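[1] sharing a model that was predicted from the sequence below.
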Amino acid sequence: LIPEDLSTGGKSNRKERLLGEAYGLRGYFYFLLFKQWGGVPIITSVLDPGNVESLKGIKRATAEETLQQVLDDMDEAIKYLPVKHDDANFGRFTSLVATVVKSQVKLYWASKYWNRDNDLGRWDEAKEAAREALNMAEKNGHILSLKYSDLFNKAGNEPEVIWAKNAEHMECYWWDFYAMPLGYGAFNVDGPIQELVDDFEMKATGKVPVLGYNADNTQIIDETSGYDPKNPWAGRDDRFYSCILYHGAELQGRQIDVSATGKDNINIGSIIRTNYFTNKYLDQNHNLTTNVSWTYRRFAIMRTAELYLNYAEAANEVDGATSLVYELVNTIRRRAGQPELPAGLSQEQMRDKIRQERRIVLCFENHRFWDVRRWMIAEEIDNGPVHRVTIDAEGNISYPVFQNRIFNPDRHYLFPIPQIEIDKNNALEQNPGWN
């Protein structure tokens, strides 16, 4: 049923490639299910939809069994797939992608939510898996790009990108409508919160400038950071400008204006926004009115910088803040032009630095939501008010509350099994706190 095809850009046997891709994608999707629900039913054979009774008795596997299925599928994928493809087959599953998934699985399994007793053996496995994935990636040409900004404005063709979504052209077209300010003809359906903006360091000092908010929503500022509250977007980490558009930033020949009477003030009626805009992957030349100059882009799913940080995180948990951990993190920081980490950090301090670096390096790449859950810090940082920015007619800047977020640690670390699924199969057990 599957014809042979010798021009696959990798393994010459097309049947083997498709089998490897099937194993790889099945395991990857099980990993996505795990992140959301924990243990899920493992289905590895064809079900008979006509046998209703048999469908009602399918139980959830444990979290460990689910992750073992992912690892087994990745091992099968590695047997059949090449390390990489030519560009004509870019986006297909590879043995390198499978190796990265294995390292991610082991990192999650070692993290606090799934490792309450802090079994260092799990961290050691995560460390070795991350080392293997990083070495394999670099050996096969997936080296860090020279500039962070190059990763997001060159259609995803940078060697650092290991696996990317080969987006449909219209997806790239609509991305710009979702991300740009209203005054450019956009819809603006997403926007970074002020707390993310605050977490971008100052370029000169390498310090996070805003440490939190007082009850009156005024900023708690690190006075040694070099931050100017009257010019809050100046002098920041270069990655800030690659990721976020803000009041006064240049876009298509004019400055973005979210002041009270500005073209881009989108807080109209009941529609409240943060007044920040996503620059990452944005085609700044796309004229949304004439639809001229928009370009095709590939959205990264995995890239080498993540592997540096995975390796650093696991190595720090096993061995503390060693020279290896410093070098892994500082390599990422040097690329961005940020000061190297201060010497003499404790394991706990290094842990915080690695988490901070992940927040910045991988923002908008579908990591942070899951990171704060596996670390079990969501109840601290996703539980309470988050802020936006406003500028009045006189140019005064304030930071009102955008949302009051609620995170219940007794239930919100995992998603609920949809009731419709439990109604169809009462052998499914609901996740904690959702009964």
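    Okay, I see it.
[2] what about the residue lying closest to P209 once chain neighbours are set aside, distance to E357?
    Leaving aside its sequence neighbours, P209 sits nearest to Y227 (CB to CB, 6 or more residues apart in numbering; 3.4 Å). C-beta here means a position set from N, CA and C on the backbone, and glycine is covered the same way. Noted for Y227: a distance of 19 Å to E357, by CB to CB, to the nearest Å.
[3] just N157 next, same as before
    25 Å.
[4] for those two, indicate the residue with more neighbours.
    Between N157 and E357, E357 has the larger neighbour count (other CB atoms under 10 Å), namely 24 against 13.
[5] tell me the SS of the more buried one?
    Local secondary structure at E357 is given as helix here, using DSSP: H, G, I helix; E, B strand; the rest coil.
[6] residues touching it, list them.
    309, 329, 332-333 (CB atoms under 8 Å, 6 or more residues apart in numbering).
[7] tell me the confidence at it?
    Note for E357: predicted pLDDT of 98.
[8] got it, and the one 5 residues further on?
    Taken from the predicted model, the pLDDT recorded for L362 is 98.
[9] distance of it relative to Q69?
    26 Å.
[10] run through who's touching the lowest-mean-pLDDT helix or strand in the chain.
    Ranked by mean pLDDT, DSSP states H and E, the weakest helix or strand in the chain is helix 52-56, scoring a mean of 80. Applying CB under 8 Å, 6+ apart, the external contacts of helix 52-56 come out as 47-49, 424-427.
[11] buried residues in the longest helix seen in the chain?
    Across the chain, the longest stretch assigned as helix under DSSP state H is helix 14-37. Judged by neighbour count using 16 or more other CB atoms under 10 Å, the buried positions of helix 14-37 are 16-21, 23-24, 26-28, 30-31, 33-35, 37.
[12] what mean pLDDT does that helix have?
    For helix 14-37, mean pLDDT is 96.
[13] walking through the stretch 301-435 of the chain, point out its strands one by one.
    All strands of the stretch 301-435 of the chain, identified by DSSP state E, counting those that start in this stretch, fall at 384-387, 390-391, 397-398, 401-405.
[14] the first one pairs with which strands, and in what direction?
    When sheet partners are counted by DSSP bridges, strand 384-387 sits next to strand 401-405 (antiparallel).
[15] rewinding a little: can you give me the offset of the next helix or strand after the least confident helix or strand of the chain from its chain's centre?
    Downstream of helix 52-56, the next assigned helix or strand under DSSP states H and E is helix 63-80. Between the mean C-alpha point of helix 63-80 and the mean C-alpha point of its chain there is a distance of 22 Å (CA atoms, centre = their mean, to the nearest Å).
[16] now do helix 63-80, average pLDDT.
    98.
[17] the inter-axis angle of that helix versus helix 14-37?
    Counting by axes from the mean of the first three to the mean of the last three CA atoms, to 10 degrees, helix 63-80 lies at 160 degrees to helix 14-37.
[18] about what we covered before: which one of L362 and Q69 is surrounded by more residues?
    Q69 (20 against 17).
[19] wait, the more buried one sits on F31?
    No - counting by CB atoms under 8 Å, Q69 stays clear of F31, with 9.3 Å between them.
[20] measure W123 to R131 for me?
    Taken as CB to CB, the span from W123 to R131 is 13 Å.
[21] got the contact list for N214?
    Taking CB under 8 Å, 6+ apart, one finds I220 in contact with N214.
[22] can you tell me how far it sits from H387?
    Per CB to CB, N214 is found 11 Å from H387.
[23] same deal with Q194?
    For Q194, the distance to H387 - CB to CB - is 4 Å.
[24] ok, now F34?
    Relative to H387, and taking CB to CB, F34 is found at 33 Å.
[25] again, but for I58
    Applying CB to CB, the value for I58 to H387 is 45 Å.
[26] show me which of these two is the more surrounded one.
    H387 (21 against 15).
[27] tally up the residues packed near D423, please.
    For D423, the neighbour count with other CB under 10 Å is 9.
[28] report pLDDT for it.
    Looking at D423, the pLDDT reads 91.
[29] same check, this time on G156
    On the pLDDT scale, G156 is placed at 59.
[30] check contacts around V386.
    By CB under 8 Å, 6+ apart, the neighbours of V386 are 193-195, 401-403, 405.
[31] excluding sequence neighbours, find me the nearest residue to it.
    Sequence neighbours aside, I193 is the residue nearest to V386 in space, at 4.7 Å (criterion: CB to CB, 6+ apart).
[32] thought the one you found was touching R388?
    Yes - using CB under 8 Å, I193 makes contact with R388 at a distance of 7.0 Å.
[33] mind listing the shared neighbours of these two?
    274, 276, 402.
[34] any weak-confidence spans in the stretch 51-200 of the chain?
    154-156 (pLDDT under 70).
[35] can you map out the helices along it?
    With DSSP state H, counting those that start in this stretch, the ranges of helices along the stretch 51-200 of the chain come out as 52-56, 63-80, 95-110, 120-139, 150-153, 169-179, 194-199.
[36] buried set for the longest one?
    Buried residues in helix 120-139, defined by neighbour count with 16+ other CB under 10 Å: 122-134, 136-137.
[37] about what we covered before: neighbour-wise, which of I193 and R388 wins?
    More crowded of I193 and R388, by other CB under 10 Å: R388, with 22 against 16.
[38] quick one, what contacts the more buried one?
    Per CB under 8 Å, 6+ apart, neighbours of R388: 191, 193-194, 272-276, 399-402.
[39] switch to 6 Å and redo it
    Contact analysis of R388 by CB atoms under 6 Å, 6 or more residues apart in numbering lists 194, 274-275, 402.
[40] likewise for V97?
    When contacts are counted by CB under 6 Å, 6+ apart, V97 is found next to W163.
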